[in-house]
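*Asks:* Need the 3D shape of this:
(3 chains)
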Amino acid sequence: MHELTAILVSMVLSATPLLLAASGELVTEKSGVLNLGVEGMMVVGAVVGFGVAFGTDSAIAGFAVAAIAGALMAALFAVLTLIFLANQVATGLALTIFGLGLSALMGKAYIGKTLPPVPHLHIPGISDIPLVGPLIFGENAMVYVSVAFVIAIAWYLSRTRSGLVLRSIGENHDAAHALGYPVRRIRFLAVLFGGAMSGLGGAYLSIVYTPLWTEGMTAGRGWIALALVVFSTWKPWRLLFGAYLFGFFSIAQLHAQGFAVPIAPEFLSMLPYLATILVLVIISRDAKRIRLNAPAALGKAFRATA
Amino acid sequence: MPRLRLEPRAQTSRLATYLSPVLAVVLTLIGAAVLFAILGRDPIRAYQAFFIDPISTFYGAGELGVKSAPLILCAIGLAIGFRANVWNIGAEGQFVLGGICGSYVALFYEPTLGPATLPVMFIAGALGGLAWAAIPALLKTQFNANEILTSLMLTYVAQLLLNYLVRGPWRNPQGYNFPQSKIFDGYAVIEPWISGTRIGLGTFLALIAAAGGWFLLSRSFLGYQIKVIGLTPAAAAYAGFSAKRVTWFCLLLSGGLAGIAGINEVAGPIGQLLPVISPGYGFTAIIVAFLGRLHPVGIVLAGLLIALSYLGGEAAQISLDLPVAVVGVFQGMLLFFLLACELLVRYRVQIGQAIAESAA
Amino acid sequence: MSSPGGSAAEAPRLELRGITKRYPGTVANKNVDLTVMPSELHALLGENGAGKSTLVKIIYGVVGADEGEIRWQGEPIAAHDPASARRLGIGMVFQHFTLFETLTVTENIALGLDDQRDMRALRRKIVETAKRYGMALDPDRYVHDLAVGERQRVEIVRCLMQEPKLLIMDEPTSVLTPQEVERLFEVLRRLAAEGCSILYISHKLGEIMALCQRATVLRQGAVTAQCDPRRETSASLARMMVGSEVLAVKRPAEHKGEGEALTVTNLTMEPDDPFGTRLDNISLALRKGEILGIAGVAGNGQMEFLRALAGERLAPSADAIRFDGKPAGSLGPAGRRARGLAFVPEERLGRGAVAELSLADNALLTAYLDGNVGAGMVKTATVRNFAGAIVKDYNVVCAGIDAEARSLSGGNMQKFIIGREILQKPRVLIAAHPTWGVDVGAALTIHEALIRLRDTGAAVLVVSEDLDELFEICDRIAVMSHGRLSEPKRVADTNIDEIGLLMGGEFESKEQAGAHAAS
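*Replies:* Numbers count the residues shown, from 1 in each chain, chains lettered A, B, ... in the order given. Below you'll find the predicted structure:
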């Protein structure tokens, strides 16, 4: 029982950065923009968050500045794709390459430093209930924040007028433009939001999860977050499920290594990546489902046809 | 209020096509100067350390050929795929697999194969990269799975596989427990062709690949199909071109070329299998491909330029105490400027009245 | 109905003065004046490319004018965008619907209304409005489930919900059967009687004479005439529109084709796109030396049928589609081309041609079986000769064969594509909407080319939404509705009304008819 609790708690821990980044990307994609630079924005968020948290002794300040840094990276992407009409795929790749280089440059001073652990929620009595207690009432604050974001995004997209407008732009930007909606401005904001969330996801890795800075520490999590958005078929609730499933995969391999399973650790470490491929295949093979759920204008450049 | 407005060109501008990469390079150099200043280095001295010192010797100039070879090999394959909207971004993984498969031949069959070792190594390397790229091709054509994500995930898997091999079964027993294979010897080593440099087979193969790529794209019917599929998939479907076949072709070709680059790197400049055999050639090749405007001749030039930035990064690390990561920042910056300058090719920028992108 | 000419004291509802709009290389609107009175049914008439759509986009605020003034009920309007247009009381039904397929009818309508937040109240109001004007509309359905005619209803209801003072309709009847057009006209007349002005954009003369009280005619972006269409004839209106005497294609002598070039037998196919139409037991025999037309409202399976004929999707059995009696259902596009099929798709740029490639490169797109490719290599010189021949034979106005396809006008690009297909000497030519959106001159060239091809003994299948076009050039006409195909009728034996009823789906396929007869 104790072992299971530990696995589930660490599952949530490792799922949270994916959830943060993926829920931001989901909003970006719902507006019709495909930003493949999640990895780059995350890793910059990670180094900036770590640096600020280290310098100010405040994890909150670290997260806040990381979100801003992620949004700035996203702004770069938005300017290129929305104003300069650059190819979204290429620009997203550029953002990742740039982010990895920039973070390595910025992070040189922080290699080898560590941060104090971030406090967990503890409600005497309740948090000690076996299994449920630590899992639901004993996490760190960002876990609750990430879930709150999913709930808020689900509500925003399905229940608010602004969310409806965002979805309509992702579906058919020409029609939305003809009806007088500011396509470019809304997409810009959606991209910025996605960047800020990626920044938070990255900062979570360096401030809470490890907590230290190493070069390229996101290790493909940004790409996994992108795959998760496909897995969720652009539905926030399924994103929650998908992220925790992935958290489980990556934790299971760590625990397996701890149990001295007779498999080389390198092979166990491949699991999350192989699982990502598997999940993509399972979801994508139903082309109709993708067509019905994917924003129809995803990745297409919009120019106000005057 | 007057503001910039974009008007699509009725006809692509030739001048802009050639000028846009040059402009991007110039802007990157300006950006680099700013970055040097921020880091507290004299930009002029930094320029010299970065771009002139490394190639001021005969050996250094030769290194340009050595470093650009893997970039050009990978970028040619990627560019042909990008032309067809096949986004293989896992060249790094295919590179690693090429290195692994070629090394297998070198480590275990060199005595048996004798003089045939090197050719067999290259065939094995090509097949390794090709097989690794065949996975995303299969998943794309059969299950519609996005090749960007699958090819990238496989890069991490390839890297872990390499780690396993050099730490486990292929570790040199006389290597003081370092995670590396034994050093290649005998027929498994690529000798330099020009003495005083390390220029060899790889540089030659890169030029062959560029020539072949040019021929494919500009003369062959397959190249025509690739262009049509990339520009307008519906027109390709109407004409009866098979998108699946082209997807297979592009992924296998780029995987094979990346695999050749991988084994060339291991058997040439490195000489043994290490946990890291590429400073990100497979990813940087994406930049090379775009900087070369997806054209083989452009890619050769772009490959040389980016190779120079690698050499400069190494030199500046020593002479200016600049972190190597500066190179990554430059490369990212270059790609951004390039994508922005691309606009000039497709649109005419005019100062005029605002288009009604309504402000509701 | 108040006579708009009589009430001179009344301020015009809408007045345009000197509107000019330039695009690179062309002037879309040149110094246009237009006055629409309250309650007036006003037509904006002009052929394709005359600048009608640009002008109404300026009125609705989608596009800004370079020069000129817009006055609304006597007051000049300064800043203008679609939201402010809606606030003034301007509603617009777009030619290309501004609907979102994955959203419901209610959500779609909410997007066209400003500050509509209470979805339940909106739902009720939609049902009421639709009912009041006699249009059936289910507010909870997804738009991708709706037929084209129903989609237009969504657009119209969306406008009516705002109680507009001016309703702009941009080519609304291309998606309707003749009977539905009549019903739409009733709604419009009733709206006008209630005080709403209607600005009705069309190039169909009959409709304008039947509906409108005034007409403003545009040619090459400028106003060329103002008139009362009820007092004009089709010929006089056409002259105003085109600027010269309109040459009609010489009604070809009816051809009785001999021998079947293309036979389709009981073809049933599920759509591969979730928004597509199922092909339901289609049978068809296309004879050599005839032009067979397929009429129907868009979205009734024509696209799916065309894809199946072209081989982009393979038929469930090889026998379902035969060329010259030989099974061809399992051949891909290249295989069918090799058997003598040529195909003109509905989209010019984006399917029939690649916008960014030169005309020479576009010539190769489908002509790769014609000696233009050898040993895997493109024979550049041969391809260029071929492109030159197309340009010459079909009077394609262009800057030479190295011009990019996107630099050509719609009519010239269409002539190029038709030329490319016909010069390959097909035995069966399938043409989808061959004259959609092209000017009168190009349409004439294209029609004549199709008839010439027929006279050489080839079989021609024309799919079109334009009944006038089909009656002009076809020998027989069949109708497609809900993925089914009617028995073809000889043009001499039928009329627009009968075809219109078929377009509404009032027919039974052969099998069902047979089943009824048997029982």
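*Asks:* element containing residue C:69?
*Replies:* Element membership for residue C:69, per DSSP states H and E: strand C:67-72.
*Asks:* likewise residue B:108?
*Replies:* Assessed by DSSP H and E, residue B:108 sits inside helix B:91-113.
*Asks:* quick one: the following helix or strand past that helix near chain A?
*Replies:* Note on helix B:91-113: by DSSP H and E, the next helix or strand toward the C-terminus is helix B:117-143. Yes. Contact of helix B:117-143 with chain A is found when judged by CB under 8 Å from any CB of the partner chain, involving B:139, B:142, B:143. Yep, even glycine has a C-beta here, placed from its N, CA and C like the rest.
*Asks:* now residue 295, nearest residue through space, not along the chain?
*Replies:* As the question left the chain open, I've gone with chain A. Spatial nearest neighbour of residue A:295, chain neighbours left out: residue A:170 (3.4 Å); criterion: CB to CB, 6 or more residues apart in numbering or on different chains.
*Asks:* oops, I was thinking of chain C
*Replies:* With CB to CB, 6+ apart, the residue lying closest to residue C:295 is residue C:479, at 4.9 Å.
*Asks:* Buried residues of the helix or strand hosting residue C:130, list them for me.
*Replies:* Counting by DSSP H and E, the element that carries residue C:130 is helix C:119-132. Neighbour counts over helix C:119-132 (16 or more other CB atoms under 10 Å in any protein chain shown) mark C:119, C:122, C:123, C:125, C:126, C:127, C:129, C:130 as buried.
*Asks:* Which of these sits closest to chain A?
*Replies:* Distance to chain A, by CB to the nearest CB, is smallest for residue C:119 among the buried residues of helix C:119-132, at 9.2 Å.
*Asks:* Give me the number of neighbouring residues for the residue nearest to that closest one when sequence neighbours are not counted.
*Replies:* Among residues not flanking residue C:119 along the chain, residue C:106 sits closest, at 6.0 Å (CB to CB, 6+ apart). The tally of other residues near residue C:106 (other CB atoms under 10 Å in any protein chain shown) stands at 22.
*Asks:* can you tell me how far residue C:106 sits from residue C:163?
*Replies:* Going from residue C:106 to residue C:163 by CB to CB, to the nearest Å gives 18 Å.
*Asks:* Then residue C:316?
*Replies:* Residue C:316 is 51 Å from residue C:163, by CB to CB.
*Asks:* Comparing those two, which residue is more hemmed in?
*Replies:* A side-by-side neighbour count of residue C:316 and residue C:163, using other CB under 10 Å, places residue C:316 first with 15 against 12.
*Asks:* List the buried residues of the longest helix along chain A.
*Replies:* The longest helix of chain A (DSSP state H) is helix A:2-30. Neighbour-count burial for helix A:2-30, with 16+ other CB under 10 Å as criterion, is recorded at A:5, A:7-30.
*Asks:* same for it, what does it pack against?
*Replies:* Packing contacts for helix A:2-30, counted by 3 or more CB pairs under 8 Å, 6 or more residues apart in numbering or on different chains; DSSP states H and E, involve helix A:38-56, helix A:132-137, helix A:141-159, helix A:161-171, helix A:183-203, helix A:221-231, helix A:236-258.
*Asks:* and the angle for it with helix A:183-203?
*Replies:* If you take axes from the mean of the first three to the mean of the last three CA atoms, to 10 degrees, helix A:2-30 sits at 160 degrees to helix A:183-203.
*Asks:* Output the below-cut-off pLDDT ranges for the stretch 51-200 of chain C.
*Replies:* C:116-117 (pLDDT under 70).
*Asks:* Number of residues surrounding residue 108?
*Replies:* Picking chain A for this. If you count neighbours by other CB under 10 Å, residue A:108 ends up with 13.
*Asks:* could you do chain C instead?
*Replies:* Around residue C:108 there are 28 residues (other CB under 10 Å).
*Asks:* now for the helix or strand containing it, which elements pack on it?
*Replies:* Take DSSP H and E as the rule and residue C:108 turns out to sit in helix C:105-112. Contacts defined by 3+ CB pairs under 8 Å, 6+ apart place helix C:105-112 against helix A:161-171, helix C:119-132, helix C:148-160.
*Asks:* now with 10 Å?
*Replies:* helix A:161-171, helix A:173-178, helix C:119-132, helix C:148-160 (3 or more CB pairs under 10 Å, 6 or more residues apart in numbering or on different chains; DSSP states H and E).
*Asks:* Quick check: closest non-adjacent residue to the residue in the stretch 101-250 of chain B positioned nearest to chain A.
*Replies:* In the stretch 101-250 of chain B, the residue found nearest to chain A is residue B:164; the distance is 3.7 Å by CB to the nearest CB. Spatial nearest neighbour of residue B:164, excluding adjacent residues (CB to CB, 6+ apart): residue A:266 at 3.7 Å.
*Asks:* Please list all residues in contact with the one you found.
*Replies:* Residues near residue A:266 by CB atoms under 10 Å, 6 or more residues apart in numbering or on different chains: B:157, B:159, B:160, B:161, B:162, B:163, B:164, B:165, B:167, B:168.
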